[in-house]
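Engineer: Predicted model, plus sequence, below.
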Amino acid sequence: MLKIGVIVGREWSWPPAFIDEVNKRNQGVIAEYVKLGGTPMNEPCAYAVIVDRISHEVPYYRSYLKNAMLQGTHVVNNPFMWTADDKFFEASLAAKLGVASPRTIALPNKEYVPGIVHTESLRNLVYPLDWQGLVNNLGGFPVILKDAHGGGWKQVHVCRSLDDLWNSYNQSGLLTMVLQEFIQWDDYVRCMCIGRKHVLVKKYDPNTRQYLPPELAPELHERIVRDSLTLVNALGYDMNTIEWAIRGGVPYAIDFMNPAPDMDVNSTGYDYHRWCVERMADMCLELALNPQPPVKDLKWSALFNA
């Protein structure tokens, strides 16, 4: 019997709905929660597919999933890419792919782990930074300062002056921050992308965190779908959300590092939630019943072939 495993955190509505959806289809595949208690090296994996919803917060799970992928399991999402991805790399990748994205600058950390001696360990860094020059490179204030590896709108600051910028930066601690052009948007859109082929486009209010009725022109909708597929195929993400700030009719990819996207019924609404449940079941069953060749050679270049 083929098995699909699910690794989850606190979320309660999507995981059981997904497991029920897979199991009720009676396709010779069962879905269940993965149970782990220590993993020997090179241990074979019992699952054809594993859906990962929480390894970004539980490092042991990430180590387990890398071994599972080595054994031929299809992991949603690829743990090697997820480990390496960050918002600065994404911005560079979007530019390379011809997808509109805010101008972005990676910044040195504010603080470092014990053992780093500033006068000896950081001799490659320019000090002090030309803060005004960095801001000018982005078109001036306001600018966005945010965690390069963050999500859920945590550690995101709108800075309207050098004092704002310094105050926010000085609170960043060990985080690696990026400085980004502020896009004064006319519309804001959040897309759920599943299977690198299905895209659900929804208008979204990032201030209230609520989805709104879609009222996009057909051409704009088509471009957002096309650019979303370009990004998820380049990143190799089987589930992801992409946020677009629309200015002057141009969609700018604001945030597309959401490999454990929110599928909770309370925040998405029932219809959106069911779309996620059913499309994820479609994808995982297809991957289990028609497996991809096992990973033989993990090369980064293969991940960026859009």
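Structural biologist: Arrived safely, thanks for sending.

Engineer: Can you list the low-confidence ranges for the stretch 101-250 of the chain?
Structural biologist: Residue ranges of the stretch 101-250 of the chain with pLDDT under 70: 152.

Engineer: which residues of it fall in helices?
Structural biologist: 118-121, 131-137, 162-169, 218-235 (DSSP state H, counting those that start in this stretch).

Engineer: which helices and strands does the last one pack with?
Structural biologist: Which is helix 218-235. helix 87-97, strand 187-194, strand 198-205, strand 239-247, strand 250-255 (3 or more CB pairs under 8 Å, 6 or more residues apart in numbering; DSSP states H and E). Heads up, the C-betas are built off the backbone N, CA and C, glycines and all.

Engineer: Could you dump the ones you listed into a markdown table and include mean neighbour count?
Structural biologist: Formatted as a markdown table, the helices and strands packed on helix 218-235 follow (neighbours: other CB atoms under 10 Å):
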| stretch | mean neighbour count |
| --- | --- |
| helix 87-97 | 18 |
| strand 187-194 | 23 |
| strand 198-205 | 18 |
| strand 239-247 | 23 |
| strand 250-255 | 21 |
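
Engineer: Can you give me the end-to-end span of stretch 169-178?
Structural biologist: Start-to-end span of stretch 169-178 (CA to CA, to the nearest Å) is 10 Å.

Engineer: Of the helices of the stretch 101-250 of the chain, which stretch is the most buried?
Structural biologist: Stretch with highest mean neighbour count among those: helix 218-235 (a mean of 18; mean count of other CB atoms under 10 Å).

Engineer: can you put the helices and strands packed on helix 218-235 in CSV and add distance to Glu215?
Structural biologist: CSV is the format used below for the helices and strands packed on helix 218-235 (distance: least, CB to CB, whole Å):
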stretch, distance to Glu215
helix 87-97, 25
strand 187-194, 8
strand 198-205, 7
strand 239-247, 12
strand 250-255, 15
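
Engineer: Show me the one of these that comes nearest Asn42.
Structural biologist: strand 239-247 (27.4 Å; CB to CB).

Engineer: helices or strands next to the closest one in the packing?
Structural biologist: strand 187-194, helix 218-235, strand 250-255.

Engineer: Ok, which of those comes nearest Leu93?
Structural biologist: Taking these one by one with CB to CB, helix 218-235 is closest: 6.1 Å.

Engineer: Show me the contact partners of the closest one.
Structural biologist: 81, 85, 90, 93-94, 97, 99-100, 189, 191, 193, 196-197, 199, 201, 214, 216, 238, 240, 242, 244, 246, 249, 251, 253, 256, 303-306 (CB atoms under 8 Å, 6 or more residues apart in numbering).

Engineer: okay, the helices and strands packed on strand 239-247 in JSON lines with distance to Leu134 next?
Structural biologist: Output for the helices and strands packed on strand 239-247, formatted as JSON lines (distance: least, CB to CB, whole Å):
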{"stretch": "strand 187-194", "distance to Leu134": "26"}
{"stretch": "helix 218-235", "distance to Leu134": "26"}
{"stretch": "strand 250-255", "distance to Leu134": "19"}
